[in-house]
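Asks: have a look; sequence and predicted model below, questions after that.
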Amino acid sequence: MASDDDRLVGFSYLESWGYDKFVANFGLIVDPEYRNNGLARKVKHKIFELSRKLYPDVRIFSSYTGLALIAIQL
């Protein structure tokens, strides 16, 4: 989650399944006013770090459909 004071400006979430053998990162959304400044890359990186911290031994999948999000490299 990313915020500017009390305003939510970006987020992503993770979901685990298969008795915590798999984790997927979903729903990366950034407020249009905050796009094109690297915030999506930061959120994507943080959700991956959180996935790895909470589930260190699992396979992690990212499920993003927008071309801009798919192109972001970690």
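Replies: Noted; the coordinates are in hand.
Asks: the residue of the chain positioned farthest from its centre: what secondary structure?
Replies: Taking Cα atoms, centre = their mean, the residue of the chain most remote from its mean C-alpha position is Tyr19, at 21.1 Å. With DSSP: H, G, I helix; E, B strand; the rest coil as the basis, Tyr19 sits in coil.
Asks: what separates it from Leu50, distance-wise?
Replies: Distance, Tyr19 to Leu50, using Cβ to Cβ, to the nearest Å: 19 Å. (C-beta placed from N, C-alpha, C; glycine too.)
Asks: parallel or antiparallel, which strands does the helix or strand containing Ile60 pair with?
Replies: Using DSSP states H and E, Ile60 sits in strand 59-63. Next to strand 59-63 in the sheet, as set by DSSP bridges, lie strand 22-30 (parallel).
Asks: residues making contact with the strand it pairs with?
Replies: For strand 22-30, contacts defined as Cβ atoms under 8 Å, 6 or more residues apart in numbering pick out 2, 9-17, 39-40, 43-44, 47-48, 51, 54-55, 58-64, 69.
Asks: so which of those are in strands?
Replies: Among these, DSSP state E puts 2, 9-17, 59-63 in strands.
Asks: buried ones from the residues you listed, can you make that a PyMOL selection?
Replies: One line in PyMOL is enough to select the buried ones among those; burial here means 16 or more other Cβ atoms under 10 Å:
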select buried, resi 2+9+10+12+14+62
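Asks: Tyr34: which of the ones in strands among the contacts of strand 22-30 is nearest?
Replies: Tyr34 has its nearest neighbour among the ones in strands among the contacts of strand 22-30 in Val9, at 4.5 Å by Cβ to Cβ.
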